[in-house]
Every structure is written in structure tokens, then in C-alpha cells.
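> Sequence first, predicted model second:
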Amino acid sequence: MSVRVGLLGATGAVGQRFVQLLHDHPTFEIAAVTASPESAGESYRDAAKWRVDTPIPESVAGMTVIETSAEAIPDDLDLLFSSLPSGVAAEVEPELCRAGHVVSSNSSNERMAEDVPLTIPEVNADHLDLIETQRAERGWDGALVKNPNCSTITMTPTLAALDQFGLSRVHVSTLQAVSGAGYSGVTSMEIIDNVLPYIGGEEEKMETESRKLLGSVEDGELSLHDVEVAASCNRVPSLDGHLENVFAELDENPTAAEVHEALADFAGVDLPSAPEQPIHVFEDPERPQPRLDRMRGQGMQISAGGLRETPEGIQYNCLAHNTIRGAAGASVLNGELLVEEGWV
């Protein structure tokens, strides 16, 4: 089965990751690439200014970039992947859904909308049921599905694994790579020999999106998880890979060994881009580390380590590749789920 896909915002940092991940994908075939009006009409090779660490696929390099608009995007595409800036996505994505397109989006707009699935397949695949509610309430035949913020997606699968012990409160401090801000997002003079102790909007995303992901959907209605989440987000001078220090207060008092087992045994999903084991747990207290561990499972596996018991619960570190597992790879995985579940 070949699914023809379009990439919205294909020339940016996450868009280039989409191209890299979808090249030679067993199901998806890149049939269209879009960008701003300034790039429309150029070849993808000229428009993209390729910066990913593998050669630009020749099958995409010669494609002509089209404008990101409902009028310009072909009707015969089966699925759209979006890495648009949130302001652009807020206007364009609903238009595309009204035109009948299914959109798997990495953009931050509407992630917390009650009728929009915010999905990590290993955590809450059943939230796709919200598509029926979305179609009924918005009167469109398409569908809009979101993946969470890159820092949220690093932490939340580990919380889902610990929810069996009763999640009460979570405090997290992040050390986030510069690629999360985009190629021009942080200048070298800002970040070299420095740490930026604030990332606008990031803390609120972690605190709200995680509760939606861990929540439940019943009869087409969403209920948030009642866990309390507090986040402190910091930009550090690593290139890729978000490392997070998590402090989880639990209703029960599991040992570090029991937490290790819960994380390591967290169930995966049978999808082409999914790692067989979603979470790898290190015994070595010095791991995970961004440079050494961000590409585990081709960048799709989450790493955890440094587990220890505290008077309040459990402390541990977790890590994921922010532009693969935390962005383009997450949308691709959601796209695979949409195909598997028959929405595409």
C-alpha cells in the first residue's frame, strides 16, 4: 500500500527531518512539498538550504515547491504532514481539513482543543476517537491530529509507565538542545558558554499537554489526568537531544528496581517507525547523555536513567531526540497510526 503524502512547511528544520524520515518509507510516498510564497516555484533543492546530516534525497530535491494554501495543495494527497509555524498553521490547517484532508501536525496550535487528538501512539492511541467528535462539531470531512511539544514527548511516556503507581505530582527541569529553537532561533553569542533559563511558552506546554496525553477519552469526550505538573525549561549548548530531570511523587512507594521494570516493560506499538522497546533504561548513573544516546532506535527511542528513591517518590533522567522523536518522527508515527486505524 502506497500513501501519497504532502509536507507542509517542508523547507524548515523540522520539514527537512520529515523529508529525511519519509525517504524510502515503506508506506508513505512524498508527492508534494510546500513552503512560503517566496519559495513557491523553486526546486526543493534551492528552497530548502539543506542542513540535515544525510544527503538530500534526489527524489525530492528536484520537486517544485508549491505555496502552502488550500487552493494550491493537490486534492489527490492521502495525508498531510505539517511543520508550519503555529500562526500560519492556525489559518491553513482548518482550511485543509474543511477541504477533506487528514493532517498530522507538529505545529503547536490547537494541541489543547478538546476535540483535537494530541497523540503519542504508545501512550494514548485511543484518543483518535476524538476525530468523530471533531468532525461532528466542526462540520468537516478531514481530520486534525497533533503530536505534543518536543519536551513533553520526552517525559510523558515515562510518566505513562509510572501511572500504575498513581501519579500525584511531577516536577521537571529540562536541558533543551538549541535545535529546538530552529536553525536561527538562538545565536552563537547567546548560547556558547551559557545556559538560557527560560524558553517562552515551553513550561506551560509541558504542564498542560502531559495531562491531556495521560487523560482519557470516553464517549467522544476528553478528561484530563489529575496529576499536577510543574516545569522549568532551560536552553543548553547541545545540538540535538532534550535531557530532562524528573521528580515524580506517587501514591504508592515503589522501589527504584520496580520503577526500572515498569519503564523497561512499557509496551510499544507495531508501527514502521516505532522502536520495539519505547524506553531504554540505563543502569549507568551517568546515562543518558545527548551526544551518546539521542539516536537510539534511529532517534525514536526514549532513554531513562539515574533512577533513585527520594523521600517524596522517584527521581530520574530522561532523554529523546527533539527533532526526530520530539517533532517530525512523532508526526510520522501518528500518520502511521492513522493509516493503521483506518482514518487514512
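Cool, the structure landed. Residues are numbered from 1 along each chain as shown.
> In a helix, Leu96, correct?
Yes. When DSSP: H, G, I helix; E, B strand; the rest coil is applied, Leu96 is found to be in a helix.
> Burial check on the closest residue to Thr27 other than its chain neighbours, number of neighbours?
Of all residues not flanking Thr27 in the chain, Val3 sits nearest, at 5.4 Å (Cβ to Cβ, 6 or more residues apart in numbering). From N, CA and C alone the C-beta is placed, and that goes for glycine too. If you count neighbours by other Cβ atoms under 10 Å, Val3 ends up with 17.
> Equivalent analysis for Ser303, please.
27.
> Helix or strand: which one has it?
Using DSSP states H and E, Ser303 sits within strand 302-310.
> what does that strand rub up against?
For strand 302-310, contacts defined as Cβ atoms under 8 Å, 6 or more residues apart in numbering pick out 154, 157-158, 247, 255-256, 259-260, 263, 278-288, 293, 296, 314-320, 325.
> what do you get for stretch 88-107?
Residues contacting stretch 88-107 (Cβ under 8 Å, 6+ apart): 8-9, 14, 68-70, 73, 75, 77-86, 109-110, 138-147, 327-328, 330-332, 334-335, 338, 343-344.
> ok, then the element right after whatever helix or strand Asp46 lives in?
According to DSSP H and E, Asp46 maps onto helix 44-48. Once the chain leaves helix 44-48, the next helix or strand it forms, by DSSP H and E, is helix 58-61.
> which residues touch that next one?
Against helix 58-61 from outside (Cβ under 8 Å, 6+ apart): 19, 23, 30, 33, 43-45.
> chain center to that helix, what's the gap?
25 Å (Cα atoms, centre = their mean, to the nearest Å).
> average pLDDT across that helix?
Mean pLDDT, computed over helix 58-61, is 96.
> which parts of it are buried?
Val60 (16 or more other Cβ atoms under 10 Å).
> Check which element follows it along the chain.
strand 66-67.
> what pLDDT, on average, does whichever helix or strand comes after that next one get?
Toward the C-terminus, strand 66-67 is succeeded by strand 79-82 as the next helix or strand (DSSP H and E). Mean pLDDT, strand 79-82: 98.
> Roughly how far does Val88 sit from Ser108?
Using Cβ to Cβ, to the nearest Å, we find Val88 at a distance of 12 Å from Ser108.
> Of all pairs in the contacts of helix 58-61, which one is the farthest apart?
His23 and Ser43 (16.4 Å; Cβ to Cβ).
> wait, doesn't Ala248 sit right on Leu162?
Yes. Contact criterion Cβ atoms under 8 Å: Ala248 and Leu162 qualify, at 5.9 Å.
> any shared contact partners between those two?
Ile314.
> Could you chop this protein up by domain?
3-148+327-340, 150-321 (automatic domain parsing).
> Could I get the pLDDT score of Met184?
Check again: residue 184 is Ser, not Met. The model reports Ser184 with a pLDDT of 85.
> Let me know how buried it is, in neighbour terms.
The burial count for Ser184: 7, using other Cβ under 10 Å.
> Name the helix or strand for the closest residue to Glu312 other than its chain neighbours, please.
Excluding its sequence neighbours, the residue lying closest to Glu312 (Cβ to Cβ, 6+ apart) is Glu249, at 5.0 Å. Glu249 is part of strand 242-250, with elements assigned from DSSP H and E.
> partners of that strand, with directions?
The strands that strand 242-250 pairs with in its sheet are strand 167-176 (antiparallel), strand 313-320 (antiparallel) (by DSSP bridges).
> just checking, next helix/strand downstream of the last one?
So the one you mean is strand 313-320. Counting by DSSP H and E, what follows strand 313-320 is helix 329-340.
> relative to strand 313-320, how tilted is that following helix?
90 degrees (axes from the mean of the first three to the mean of the last three Cα atoms, to 10 degrees).
> elements contacting helix 329-340?
strand 3-8, helix 13-22, strand 79-82, strand 102-105, helix 121-124, strand 143-146 (3 or more Cβ pairs under 8 Å, 6 or more residues apart in numbering; DSSP states H and E).
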